[in-house]
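Student: heads up, no residue letters with this:
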Ligand SMILES: [Zn+2]
C-alpha cells in the first residue's frame with residue numbers, strides 16, 4: 001500500500017472547462033499554471049450553463065453551487081478562469097452546445113455573460129474567460145483567445 005498527498009490546500013486558480021477539451025498544455029505554457037496551482041471543474045459544457053440558466057436550470061444551479069463551494073473551501077484561489085471551446089460558429093464545436101443546449105455557435109458569444117455570472121459568484125476574484133477555437137487544419141489544434149466581459 002502506498003500513501004499519496006490527498007489535497008493541495010492552496011491552489012491559486014479555479015479553472016472551469018468542458019471535459020471534452022485538453023487545456024493543460026496551454027495553461028502550463030501560457031498561464032504558468034501547473035496541476036497543483038489549479039482547482040478544476042471539468043464537466044460537459046464547462047461554464048456554459050452559467051449563460052443558459054433558462055435552458056438548463058439544474059446545470060446552472062449545480063455550477064453556481066460548485067463555484068461557491070470551492071471558493072469557500074479554498075480561500076487561496078484568487079483567479080477564476082472559464083473556458084469555452086467551439087468550432088468558430090460552425091457545427092462540430094462543443095458537444096454540450098449542440099446536444100444539450102441545441103445551439104450552434106454560442107460558445108464564444110456567451111463568454112461575456114459567463115464572465116458577469118462568475119463575477120457575481122466570485123466578487124473579490126480576478127475573472128478571466130477564454131475561447132478555445134479549433135484551428136482550420138483538421139481541427140486537431142486549438143488556439144486560446146481571451147474574451148472580456150462587456
Ligand atoms: Zn465541450
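Tutor: Perfect, I can see it now. Since the model is a prediction, treat every value here as computed from it, not as a measurement.
Student: in the protein, which spans are helices?
Tutor: All helices of the chain, identified by DSSP state H, fall at 24-31, 57-73, 95, 106-109, 111-121.
Student: could those helices be laid out in CSV, adding mean pLDDT?
Tutor: Converted to CSV, the helices of the chain look like this (pLDDT from 0 to 100):
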stretch, mean pLDDT
helix 24-31, 91
helix 57-73, 98
helix 95, 91
helix 106-109, 94
helix 111-121, 97
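Student: Residue numbers of the chain in contact with the ion?
Tutor: With the criterion set to Cβ under 5 Å from the ion, the chain comes near the ion through 18, 20, 94, 96. All C-beta spots, glycine's among them, are computed from the backbone N, C-alpha and C.
Student: what two of these are the furthest from one another?
Tutor: 20 and 96 (7.9 Å; Cβ to Cβ).
Student: Find residues that contact each of these two.
Tutor: residue 44 (Cβ atoms under 8 Å, 6 or more residues apart in numbering).
Student: Indicate which one of the helices of the chain is closest to residue 142.
Tutor: helix 24-31 (7.7 Å).
Student: List the contacts of stretch 121-134.
Tutor: 14, 21, 23, 26, 47, 64, 67-68, 71, 77-88, 92-93, 107-108, 111-112, 114-115, 118-119, 141-149.
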